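K.L.:
can't give you the sequence, but here's the structure:
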């Protein structure tokens, strides 16, 4: 199966990029048509999924026969997938805290960007707030679980498909 995945690498990369687009479309559907407003960690997860999709598009580019280009594209997939997994895991941790131990909701994210340096905004977002602790289930799992699962699966398959195999001498 691994050889088949590598043989159809570009098709897989395009399909994985399309999966990232569909994940983002569904998140925007939930936001604009179902009224589920994203918390700051949800927004960062969307950025990670966007980055993962972009990395798969880069991996699908034609000069993929070059070993260095394929390795760089694979590393971009790994970094984006790891970011998505890390942010989703932090979000799941915040959601698992007892109600009294989660910090109260803070200022909106766009206001934080206006008044604070980037490092401080990231620190505040990753410390979590009440809005990030709210659990909204979609098809039986919370949104961070879906991001974690998709990022992990696409990340692993992306490495298997794109990392150049060693030539046997």
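P.N.:
Arrived safely, thanks for sending. This structure is a prediction, so every number in the text was calculated from the model and none was measured.
K.L.:
quick one: buried residues of whichever strand or helix holds residue 69?
P.N.:
Here residue 69, judged by DSSP states H and E, is contained in helix 67-96. Within helix 67-96, the residues that count as buried by 16 or more other CB atoms under 10 Å are 69-70, 73-74, 76-78, 80-81, 83-88, 90-92, 94-95. To be clear about C-beta, it is placed using only N, CA and C from the backbone, and glycine gets the same treatment.
K.L.:
State the mean pLDDT of that helix.
P.N.:
Mean pLDDT, computed over helix 67-96, is 88.
K.L.:
Which neighbouring elements make contact with that helix?
P.N.:
If contacts are counted by 3 or more CB pairs under 8 Å, 6 or more residues apart in numbering; DSSP states H and E, helix 67-96 sits against helix 40-59, helix 130-133, helix 143-162.
K.L.:
Include mean neighbour count and distance to residue 10 when you put these into TSV, please.
P.N.:
Listed next are the helices and strands packed on helix 67-96 as TSV, based on neighbours: other CB atoms under 10 Å; distance: least, CB to CB, whole Å:
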stretch	mean neighbour count	distance to residue 10
helix 40-59	22	8
helix 130-133	20	37
helix 143-162	21	9
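K.L.:
and of those, who's closest to residue 118?
P.N.:
Closest of these to residue 118 is helix 40-59, at 12.3 Å (criterion: CB to CB).
K.L.:
That closest one vs helix 143-162, what angle?
P.N.:
20 degrees (axes from the mean of the first three to the mean of the last three CA atoms, to 10 degrees).
K.L.:
Helix 40-59: how far from the chain's middle?
P.N.:
Offset of helix 40-59 from its chain centre (CA atoms, centre = their mean, to the nearest Å): 5 Å.
K.L.:
what sits against residue 156?
P.N.:
By CB atoms under 8 Å, 6 or more residues apart in numbering, residue 156 lies in contact with residue 81.
K.L.:
Quick check: it vs residue 23, distance?
P.N.:
16 Å (CB to CB, to the nearest Å).
K.L.:
Next: residue 59.
P.N.:
17 Å.
K.L.:
Residue 157 too?
P.N.:
Taking CB to CB, one finds residue 157 at 15 Å from residue 23.
K.L.:
Please apply the same query to residue 137.
P.N.:
16 Å.
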